[in-house]
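Colleague: Got a predicted model here, sequence first, then my questions.
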Amino acid sequence: MRVKMASLTDQIPEPSERQNIPSKIRIMTPPPDAPANADSFREADEITYVDRKMAFICSKGNLDMAYPALIMAHSALNAGVHVDVFFTFWGLDIINKRTMDRLKFTMQGNAAIHFPTLEKYYPGLGDMHFSPSFGALPGMTKLSTWYMKNELQKMEIPPVRDMLEQIAQLGANLWACKLSADMMKLTPRHLHKCVRGIVDADTFIEMSEGAQIIFI
């Protein structure tokens, strides 16, 4: 297969040997006699897949759109799954060295927004949905971003930059979309050192053949 890409000058971590082992999925199910709202789960039988592949497509540059792919990729790599991550359109902000530390979280356009921390002040307040129009108020995007980053920090989830380095060290292949990079005037020097290259859509489709594709 011929891969068309612009190679990066920075050092790329070597792929992990984890990708050469069969991956296992652990299915967690409630005990048969557990109530519907049970908090505890037991481990069911393991299902083993050989040469399993996953491809994540990151198309958005919001903070809450970056973490789902990075966290799932991390989990997949730990299970021995081969992982490719393709960043396209605004998803390039996740790997752009100038923007990756400034990703925002906004209430606008999110009808499901609520703040569980408020539950400690008044019962039921943590489940109350706020109108997306609140996001238009001055300072609300900054406040929402601070809140999300603070909650992630409490859970010891690293910043986006560190997450990229972690999944690359585990063996993930990170790719930037050529069309989007050209449109946004981005070159390899603008991208995180762990990005393996800038590829076109045809090349990524070739590389992801047989993979489970998750579009975010």
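Modeller: Good, I have the coordinates. All figures in this text were calculated on a predicted structure; none of them were measured in a lab.
Colleague: contacts and neighbour counts: CA atoms only from here.
Modeller: Fine.
Colleague: the helices in this structure, which residues?
Modeller: Shown for the chain, the helices assigned by DSSP state H span residues 63-78, 140-154, 160-170, 178-183, 201-207.
Colleague: Hmm, residue 196 and residue 164 touching each other?
Modeller: No. Residue 164 lies out of contact with residue 196 (C-alpha atoms under 8 Å); the separation is 11.8 Å.
Colleague: Quick check: neighbours shared by the two?
Modeller: Counting by C-alpha atoms under 8 Å, 6 or more residues apart in numbering, residue 164 and residue 196 have no common neighbour.
Colleague: And the helices of the chain, which one averages the lowest pLDDT?
Modeller: Note on those: helix 140-154 shows the lowest mean pLDDT, a mean of 85.
Colleague: For it, buried residues please.
Modeller: 140-141, 143-145, 148-149 (16 or more other C-alpha atoms under 10 Å).
Colleague: Dump the helices of the chain into CSV; add distance to residue 97 as well.
Modeller: CSV is the format used below for these (distance: least, C-alpha to C-alpha, whole Å):
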stretch, distance to residue 97
helix 63-78, 14
helix 140-154, 18
helix 160-170, 9
helix 178-183, 13
helix 201-207, 22
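Colleague: quick one: which of the ones you listed is nearest residue 52?
Modeller: helix 63-78 (9.6 Å; C-alpha to C-alpha).
Colleague: The closest one: which residues count as buried?
Modeller: 63-67, 69-70, 72-74, 76-78.
Colleague: which of those residues lies closest to residue 122?
Modeller: For the buried residues of helix 63-78, the nearest to residue 122 is residue 64 (25.8 Å; C-alpha to C-alpha).
Colleague: ok, for the closest one, nearest residue in space, not its chain neighbours?
Modeller: residue 105 (6.2 Å; C-alpha to C-alpha, 6 or more residues apart in numbering).
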